[in-house]
Each structure stands twice: as structure tokens, then as C-alpha cells.
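Undergrad: I'd like to go over a predicted model; first the sequence, then the structure.
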Protein chains: 4
Amino acid sequence: MAHKKREFSDSSPKKRTPQGESKKRLILKVATGVFAEKGFHETTIAQIAQIAKIAEGSIYHYFENKEDLLFSIPEERMENFFSSLREHLEGIKGTLSKLRKIIWYHLHFYEKNQDYVLILLQNIRLNPRFQSTRAYQLIREFAKLVAQIIEEGKKEKVIRSDVDSRLLRDAILGAIEHITIRGSILGRLSTLTEATKPLYDFFVSGIQTQSSMVTLPLREFLRPKKTFRKRIGRRSTKI
Amino acid sequence: MAHKKREFSDSSPKKRTPQGESKKRLILKVATGVFAEKGFHETTIAQIAQIAKIAEGSIYHYFENKEDLLFSIPEERMENFFSSLREHLEGIKGTLSKLRKIIWYHLHFYEKNQDYVLILLQNIRLNPRFQSTRAYQLIREFAKLVAQIIEEGKKEKVIRSDVDSRLLRDAILGAIEHITIRGSILGRLSTLTEATKPLYDFFVSGIQTQSSMVTLPLREFLRPKKTFRKRIGRRSTKI
Amino acid sequence: MAHKKREFSDSSPKKRTPQGESKKRLILKVATGVFAEKGFHETTIAQIAQIAKIAEGSIYHYFENKEDLLFSIPEERMENFFSSLREHLEGIKGTLSKLRKIIWYHLHFYEKNQDYVLILLQNIRLNPRFQSTRAYQLIREFAKLVAQIIEEGKKEKVIRSDVDSRLLRDAILGAIEHITIRGSILGRLSTLTEATKPLYDFFVSGIQTQSSMVTLPLREFLRPKKTFRKRIGRRSTKI
Amino acid sequence: MAHKKREFSDSSPKKRTPQGESKKRLILKVATGVFAEKGFHETTIAQIAQIAKIAEGSIYHYFENKEDLLFSIPEERMENFFSSLREHLEGIKGTLSKLRKIIWYHLHFYEKNQDYVLILLQNIRLNPRFQSTRAYQLIREFAKLVAQIIEEGKKEKVIRSDVDSRLLRDAILGAIEHITIRGSILGRLSTLTEATKPLYDFFVSGIQTQSSMVTLPLREFLRPKKTFRKRIGRRSTKI
DNA sequence: TATGAATGAGAGTTCATTCAT
DNA sequence: AATGAATGAACTCTCATTCAT
């Protein structure tokens, strides 16, 4: 009555316990898909087992419990995300170019990991227990990296010195995330990277027209600079 | 399906303080708090009832089921949010001022409705059934309004004509949301509005320093303008 | 919707005696007994589980829900009833003999399946959802069979040609059922088959005495027959 | 904490508070309809109250509880049924005519009380608590009456002396009930009385053709009668 | 390793019934 | 007499998790 033959090992790239390791991957893959589609709480272990064509109990050989399975999803992906990002940033000169790269890479990554994003944003990120996770550390490191790059930009006088690095970082990441979520709702996830240039432009150059923008700055530019920031500041405050 | 007859019902000293409609408000208030603190799925009806000091069954007098209770939370708040925003925008001239107001108001609203935000962003927004809700319609209307204001800005030549209104809107809202979520994690929700000016500046003026920015534009400004956009475009694409 | 994690699950000394398929039978048997005794609506899943000495949840491994459990009761029995009846009818010549056999077999079956009958008549038969059931189909087939046999009898001139086959069938089945129900109330279910002969006689020979019956028919018999049925008809109608 | 008021007996056949009495009737009428349509257990007090356009609590002014409401349905109807039947039987001579009348009247009553029948047969009759009810007594009396009439018939030599009166009665009533139930399923309840003649004929004359039936009896008729019944009996037993 | 039947705590929900008004 | 908000016991059903095989 032997079911399962699986005579030929399937997709595993390397091998440790070639079979075992690949089965863990299988579970993770299936779980990611189902979680993304139906939501974590609406998904049952039984469903995952059924789709993965394994027994429910087998899932508990690889994962402590349902939440562990959930938290295991970002592990590999974040590792991947972060190391690959570092490669991509390798050799790029200039803060703004790095920033542009980060925006592009982030969108690109979300585009290629659509199901994962939804889970991350909806079910993982705010879970307090997630914060004691390796993946969470990577996210923090990534966030720090972005803030550092911005700080560099400020030192290099490419970015205005009054910019709050962490706030800017959050704004950029937030913009990326929101666009991703909108994309997922509207089914436009596959063209996410197209938003790179406009997003970059929003943040780097702002949205003002040259004419309306320059009027004031230009005069500033030709005059002594000391009062500049103050004036801007004043303008911004009078809501 | 049915219930046993309650054979002996002697032991309960029932209180009855029929405050009428206000009980619905009470439930809503308690539910919002508990949902925000523990999460929707981690909250039980029994808990809500206990905190509200009412019977579990009473909740079902006012709400169809747990999800209906959840979806009822945004109802009033969004109505409030939107109508109050309109008031705030009343009489404001200038697209950028309106935009600044919207940023401020949004942050302000989230600051005053901290628990609500978390629920909205985590448990409500992406639920497909939410989209057949009055509150969802209001959110859509609000989003449209923002995009319209941006469009106006483009017509008035205050905002660059190559700006994608909806994308900009999503970027701004995303930035606000992300900052709010970060704030909730870090316990900084009560100073949210302080982010108004920096956020506004990011989007309106960009983050580039005058010097680095003007170098190129200034030359453009002094020359014939026709090639301007093209050059910017080219620059932006070379990632 | 969801369930709390079972934080500590230490206290249970679980037994596992996987008898496989026979557990479904056990549940069915216990359920039949309790349903018959207390009625479907008055029986709780917990009671069945307790008597069967299994966990409540186990019942839901074998049956979709309580109603499915109810509707599963007739499945096997009707299959049994019908196939066994066919065997019993095998080789019997003559419509009336077949009819007698059916009456006897029906009573015999009810006698041997006392608890089942009550459930069938009280909780199953009139439930609209039952009618999309295999068991219901068998009941229909049985009913058709009886009507067919009566039709045969009419062709063979053993049964009066003016007999409405379906009505006669319903009358016979109704009589059987009512007697069964009375028997169940009076605790006489074990002598049900004794009613075979009298019931058969009621329907086949009628209840009239020879004398009172023959008086008229005999005269008819000795005279030309054509006005016979009419006269009978007239008599019957003058209520 | 005294519940139960009902200090004064309620069930008076005339009227005390014309309004009150008519409201009780209203509730009874509505309840009968809903019970018949959806079944007793599937009907809620709230539904009845809603349809009757009264408050749920009001129902408990007139009825002890839900079951009391159920058992109150037959009360009036059975009273009616029985007294009206007596009138109908008034002046009818001859057992068979009375029997015919009873069949007709029963079908007629069910035809006119369609919703009531279903409730009686499905939810009331077998409920043990019903048997301590006035209505149940009436049913018993009716059943006795039928058996008595049959006994009379035997004394008058119109009905064969070997007929078991109670069994015959049960067979007749069962036939009527089954035909009614079939009628309710098939939506033919409104032509129920048409079954009077065929039913009567089944029981009184039997279903055998004259020819097949008479062959034997005729010979008997011409010979001494004593061995007649025995022979029939013998035939009937050899199943 | 793998299985999947078995578990059982506990969740959401229902609804007959009560009683202050 | 009438109301209907309030009650809360009890029910069905779910499902993460376990463990004997």
C-alpha cells in the first residue's frame, strides 16, 4: 500500500538531507502561497498539508507550530533580499544613485516575491513575537543601512542637512509598501518597478515645478544664504 | 441548532440598565481597544463582553457577527474623518497648502485615533469583504480627492506635469501610514503631527540640496527650456 | 474563527485504539440509539461522543455535521432493506403472494430495526435535504416496486382494475407505518410481524362479511355484468 | 425572582379579554403556520413575534414556553375535530356508512387543516409530554370511537368477526396519514377527499377482482359455511 | 521519517426566557 | 398588557497539535 514513491529527488539545489530539506522547502512554498491568498488565520494546517500532498503531522517535523511556520517564511527571503541588495549596491557611487538602486531593488524584490510581501505586511511585521527573529534583525539592518546612506548623503552635501534620515527612510519605505499593496489589490504587481523613476523623482527632486520652486530659491541662491532655511521653515509651518 | 431549555435559572442577579443606543457605542469602543491591543483574531467575543460588562449575547443584538463588529469600527470614524477634513480644507487656497493640510490632518487624525489606525491597517483594509462597505467608499473618495488636488496643482503649474497623480498620492499616504506604524511600534504616536513639515518638504521640495540640485536645473533655467525634461528623464533612468 | 493555541496540553492521557473504519460504525450505532431514544434535536454531539467513548471532534472526522450523521443512518439500512427484500421476493409467483411478502418483510424489517424506524419517520423522512440522498432514492425505488407489483396484479386480473396503484401502495405503507408507531408507543414492536396476515386480509379480501358482501355481488354475478361497477360506484359516492 | 405568574387558569373556552383572547389566537395562528413551514425546532420565538407583529415577550403572556405554544395548537383543533365529527356521524345508520364518513371526514379535516397536520404528525404526536394533554385525550377518544364502530359492525355481522378492531383502525388511520403526508410532499393536499372512495373500497371490499375472489367463496356460498374461514386462514398463512 | 486518526479546549453564535419599564 | 433589550447557558463545529504505528 505504498503511496508516495518520489523515486527521483526533485528540486533541491544543494543537499543536506536532500529529501528532508526539499520537503521543508515544499511546505514553506505551499504555506506562503496559501497564506498570501487566504490569510494566515484563515488557512489551516490541513489545507497546507493537502496541497503539499503530505500528512498534517509531517509539518510538525519541520516546524514547531503554525506560527513558527509563518515566521520561517521571511527567514530565507530576507537573507536573500539583503545579501542580494548588497551585491546590487556594490560599486555604486553617489548617495542618490544608491537610493535609486534601493528603491528599484525593493520594488523589484516585491515584484518577484508578491505572495511573500502580503504576508510580511499583513501577518508578520507587527507581530511582537516576530521581533525576536533573525529575519526581523535583517529588516532592522536594512533599515539602518538606508538611514546610513542618507546620512552619507547629508555629509556629502547631496542631501539637505535638515533631512531627518530615519523619517525619510520611513517615508520612502512606506511609499514603496503602499504602492505594492495598491498594486496587489489592483493586480498590477508585475509592473511594480516602473514606479522606480517617479518615486525617486518625488523624493529627490520634489514635485514642484521649476518655475514655482525656483522663484524663491533662485533669489536665495543669488543672495546670502543665511535666512534661507528659516524662511522655508516659516512657510511650512503656517498651515 | 437548538438550545436546551434552561431548566433552572435562579442564580443570576441580572442588572438591566438600558442606556439604549449608547450600548452599541460602548461595545464599539471596547472592541476597538481590545482589537488594537491584541489583534482581531486574538480577541474573543467573551473578552469584549467581559470588559464591557455585558453579556456575550448582547453583542449580537447590535452586530451580526464578529466581523460585522470589526467593520463597524471604521464606519463612524471615516465619516468623521472625511467630513472634518473637508472643513479643514475649506478656504485653503493653493494646491500645496491643501496638500500640506492633508498631510497634517491625516497625521493628526491618526494621532487622535491611534487604536483605530492599527485595526484599519492590519485587519480591515485588505479584507475583501470590507470593500463592500460604506467606510471603504469613503476611503476611495478620500483617495480620489487627493488625486484631484494634485491634478489641480498640475493645471496650475505648481506641480510638475509629469507627476503621476495617483502614484504621488499613494506615495504620500504610504509614507504617512508607515510613519504611523513605526510610531505605534516605538510608542511615538502622540507626536505624529511633528512629521508634517519634513514630510511635506520631502515631497514638495525634494531632498536634494540646493547646490546639487540647482547646478543642472539652473543651467537649464538660463537656456532654452525645451530639452529640459528629456535630460532629467535620461538621468533618472540610468540606474 | 480561530482557536487559541493550546498552551499546555499535558493533562490528557489519550488513548488511541485505531480500529479504523469500524469507528464510523460505532458512531452510527450509538447515534442511532440516542436519536431514537431522545430525538434528534434533543441529542447533543457531546452525548454521542460520551457514550461512544470518543472525543467530540472525532465525530467530525467521519461526518460533516450533525445532520450528515443523521442522514448517514438510513444509508446502510436502506441498502440492506432493499437488497434483502429483492432476495425475499425472488421466486415468488403471484402478485398477492408478493404483496403478502412485502407486508411481512416490511414489518419484519421494522421489527428488527426499531430504533431506526422512529428516526426515519420522525426526523428524516420529511426533511427536504434528505431528498437529495441516496437513501431517499432507494425509498423511492421501493415505492415504485410496490406500485409495479400492484400494476402487474391488475394486468393478471388478480387485482381490480379500478384500483389506483399508488394510492393502494400508500395505504398499505401507511398502515404498516402507523402500526409500527403504535407498536413503538405501546412497546409491542417485537410482535410486529403478527400483523401480517390481518393486514393482508384487510387489503386483499376486505373486511366485509361474505354475507353482506355477496348479497349484492352475487346477484351481479348471476346477471349480466355491465352495470356492476356503476352501481358500486354510485353506492360508494353517496356519503 | 418569581417567574411563572399565570395565577389564574387561562384556557377558558369563552372569552375574558376579547382583545387578549384574539391575540392568543393570532399567535397560535402564526405559530402554526411557521411551525408547519419550517419545523418546530427551526422556528424561533423571535420569528413568530415578528410575523405576528408583537413583542417576543408578549408570547410569554399567553403561553408558558415554546413547547406549551406547540401543544396549544392541537387543543382547539382537536376539540373542533371531534365535536364536528360527532355531528357528522349523527343520524348515519350502518357501520360501513359510518366508516366511510369517518374516512371522508378525516381527509376533509386534514385538507382544511393542512399546516396543522404536519405539526401534529411530526412534532407533537410522539412527544411524551403531549400525552398528558387534553388534546391527546381527544385523540384517544376518537381512536376508541373508531374501534367501537368497528366492533358494532362485527356484532351486526357487517364486518368479519375475525377482524382485529384496533388493528383495522390503525391501518385505516395510517393509510389516511400516509396519504396526507404524500400529499403534502407532492402538493396535492387540496384534493385529499378524493381518496375517500378508493380507500373505503380497499378496506371494505378488498382489492381482489370478483372472479379471483369469488371462485372460492362462491363454492363456499353454495355449500355449508362452517369451513369457510378456516380455509381462507390457511391460505393466508402460507407466506 | 512519515502518517493521519484522535484529541479536546475553546470559539462564535443562537435563542428561549426574563423583567424593568 | 405589552415591550424588547438583556441574558447566559448550551450548542455545534474548528483545528492546532499529538503520538502510536
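TA: Looks like it arrived, so ask away.
Undergrad: tell me the domain boundaries of chain A?
TA: A:13-63, A:73-206 (automatic domain parsing).
Undergrad: nearest residue to the spatially most central residue of chain A other than its sequence neighbours?
TA: Geometric centre of chain A, nearest residue: A:His106, 5.4 Å, by Cα atoms, centre = their mean. Nearest residue to A:His106, sequence neighbours excluded (Cβ to Cβ, 6 or more residues apart in numbering or on different chains): A:Ile176, at 5.1 Å. To be clear about C-beta, it is placed using only N, CA and C from the backbone, and glycine gets the same treatment.
Undergrad: and that neighbour, what is it in contact with?
TA: For A:Ile176, the contact set (Cβ atoms under 8 Å, 6 or more residues apart in numbering or on different chains) comprises A:103, A:106-107, A:110, A:199, B:174.
Undergrad: Ok, which of the domains of chain A comes nearest D:Lys144?
TA: In terms of Cβ to Cβ, the element of the domains of chain A nearest to D:Lys144 is domain A:13-63, at 59.7 Å.
Undergrad: how far is the closest one from where the chain is centred?
TA: Chain-centre distance of domain A:13-63: 23 Å, with Cα atoms, centre = their mean, to the nearest Å.
Undergrad: How about stretch A:88-102?
TA: Centroid separation for stretch A:88-102 versus its chain: 16 Å, with Cα atoms, centre = their mean.
Undergrad: now the angle between helix B:165-186 and the helix or strand that contains A:Gly174, please.
TA: Element membership of A:Gly174, judged by DSSP states H and E, is helix A:165-186. Orientation check (axes from the mean of the first three to the mean of the last three Cα atoms, to 10 degrees): helix A:165-186 against helix B:165-186 gives 120 degrees.
Undergrad: quick check: mean pLDDT across helix A:165-186?
TA: Averaging the model's pLDDT scores along helix A:165-186 yields 94.
Undergrad: cool, and stretch A:126-139?
TA: Stretch A:126-139 comes out with an average pLDDT of 93.
Undergrad: hang on, the earlier thing: could you measure the residue nearest to A:His106 against chain C, distance?
TA: Going from A:Ile176 to chain C by Cβ to the nearest Cβ, to the nearest Å gives 30 Å.
Undergrad: Can you mark which positions in stretch A:103-120 are buried?
TA: Residues A:103-111, A:113, A:115-120 are the ones in stretch A:103-120 that count as buried (16 or more other Cβ atoms under 10 Å in any protein chain shown).
Undergrad: try stretch A:156-165
TA: Buried residues in stretch A:156-165, counting neighbours by 16+ other Cβ under 10 Å, are found at A:158-160, A:163-165.
Undergrad: Output the lowest mean pLDDT helix or strand found in chain A.
TA: Ranked by mean pLDDT, DSSP states H and E, the weakest helix or strand in chain A is helix A:228-237, scoring a mean of 37.
Undergrad: Show me which pair in the buried residues of stretch A:156-165 is furthest apart.
TA: Taking Cβ to Cβ as the measure, the buried residues of stretch A:156-165 span a maximum distance of 16.0 Å, between A:Val158 and A:Asp164.
Undergrad: ok, so of the buried residues of stretch A:103-120, who is nearest DNA strand F?
TA: Checking those against DNA strand F with Cβ to the nearest atom of the strand, the nearest one is A:Ile119 at 15.0 Å.
Undergrad: Could you say which helix or strand holds that closest one?
TA: Assigning secondary structure by DSSP H and E places A:Ile119 in helix A:114-119.
Undergrad: Go ahead and name everything in contact with the helix or strand following that helix.
TA: Where DSSP H and E defines the elements, the next helix or strand beyond helix A:114-119 is helix A:134-155. With contacts defined as Cβ under 8 Å, 6+ apart, helix A:134-155 is touched by A:71, A:74-75, A:77-79, A:81-82, A:85, A:95-96, A:98-99, A:102, A:130, A:159-161, A:163, A:165-166, A:168-169, A:172-173, B:207.
Undergrad: give me the residue from chain A nearest chain C.
TA: A:His41 (5.0 Å; Cβ to the nearest Cβ).
Undergrad: surely A:Ile102 meets A:Leu89?
TA: Yes. Applying Cβ atoms under 8 Å, one finds A:Ile102 in contact with A:Leu89, separated by 7.5 Å.
Undergrad: Now do A:Ala195 against DNA strand F, distance only.
TA: 36 Å (Cβ to the nearest atom of the strand, to the nearest Å).
Undergrad: Around that residue, count how many other residues there are.
TA: For A:Ala195, the count of nearby residues is 25 (other Cβ atoms under 10 Å in any protein chain shown).
Undergrad: need the contact list for it.
TA: So A:Ala195 contacts A:107, A:179, B:167 (Cβ under 8 Å, 6+ apart).
Undergrad: Report how many residues lie close to the closest residue to the second one other than its chain neighbours.
TA: This means A:Ile179. Spatially, and ignoring its direct neighbours in sequence, A:Ile179 is nearest to B:Asp170 (5.1 Å; Cβ to Cβ, 6+ apart). B:Asp170: 26 surrounding residues under other Cβ under 10 Å.
Undergrad: Ok, A:Arg134 next?
TA: Considering only other Cβ under 10 Å, A:Arg134 is surrounded by 12 other residues.
Undergrad: So whatever residue of chain A ends up closest to DNA strand E versus A:Ala46, what's the distance?
TA: At 1.7 Å from DNA strand E, A:Gly57 is the closest residue in chain A, using Cβ to the nearest atom of the strand. With distances taken as Cβ to Cβ, to the nearest Å, A:Gly57 is found 11 Å from A:Ala46.
Undergrad: cool, and A:Asp170?
TA: To A:Ala46, A:Asp170 is 39 Å away according to Cβ to Cβ.
Undergrad: Same question for A:Ile27.
TA: On the measure of Cβ to Cβ, A:Ile27 and A:Ala46 end up 13 Å apart.
Undergrad: Same question for A:Glu76.
TA: Taking Cβ to Cβ, one finds A:Glu76 at 24 Å from A:Ala46.
Undergrad: quick one, which of A:Ile27 and A:Ala46 is more surrounded?
TA: Set A:Ile27 next to A:Ala46 and count neighbours by other Cβ under 10 Å: A:Ile27 wins out with 22 against 10.
Undergrad: what's the pLDDT at the more buried one?
TA: Listed pLDDT for A:Ile27 reads 97.
Undergrad: show me the residues around it that make contact.
TA: By Cβ under 8 Å, 6+ apart, the neighbours of A:Ile27 are A:48, A:52, A:54, A:58-59, A:62-63, A:69.
Undergrad: So which of these are in helices?
TA: Counting by DSSP state H, the contacts of A:Ile27 place A:48, A:52, A:58-59, A:62, A:69 in helices.
Undergrad: Closest to chain D out of these?
TA: Distance to chain D across these (Cβ to the nearest Cβ) is lowest for A:Ile48, with 36.5 Å.
Undergrad: close enough to count as contact, the closest one and A:Tyr62?
TA: No. Using Cβ under 8 Å, A:Ile48 is not in contact with A:Tyr62, being 11.4 Å away.
Undergrad: who has more neighbours, the two?
TA: For A:Ile48 and A:Tyr62, the more surrounded residue by other Cβ under 10 Å is A:Ile48, and the numbers stand at 22 against 18.
Undergrad: ok now do that one, which residues does it touch?
TA: Taking Cβ under 8 Å, 6+ apart, one finds A:27, A:30-31, A:34, A:59, A:69 in contact with A:Ile48.
Undergrad: Tell me which two of the residues you listed sit farthest apart.
TA: With Cβ to Cβ as the measure, no two of the contacts of A:Ile48 lie farther apart than A:Val34 and A:Ile59, at 12.0 Å.
Undergrad: residues contacting the residue lying closest to A:Thr133 once chain neighbours are set aside?
TA: Closest residue to A:Thr133 apart from its sequence neighbours, by Cβ to Cβ, 6+ apart: A:Phe71 at 5.5 Å. Residues in contact with A:Phe71, defined by Cβ under 8 Å, 6+ apart, are A:124, A:127, A:129-130, A:133, A:135.
Undergrad: wait, does the helix or strand hosting A:Phe71 contact DNA strand F?
TA: Element membership of A:Phe71 [criterion: DSSP H and E] is helix A:66-89. Yes. Interface with DNA strand F: helix A:66-89 contributes A:66-67 (Cβ under 7 Å from any atom of the strand).
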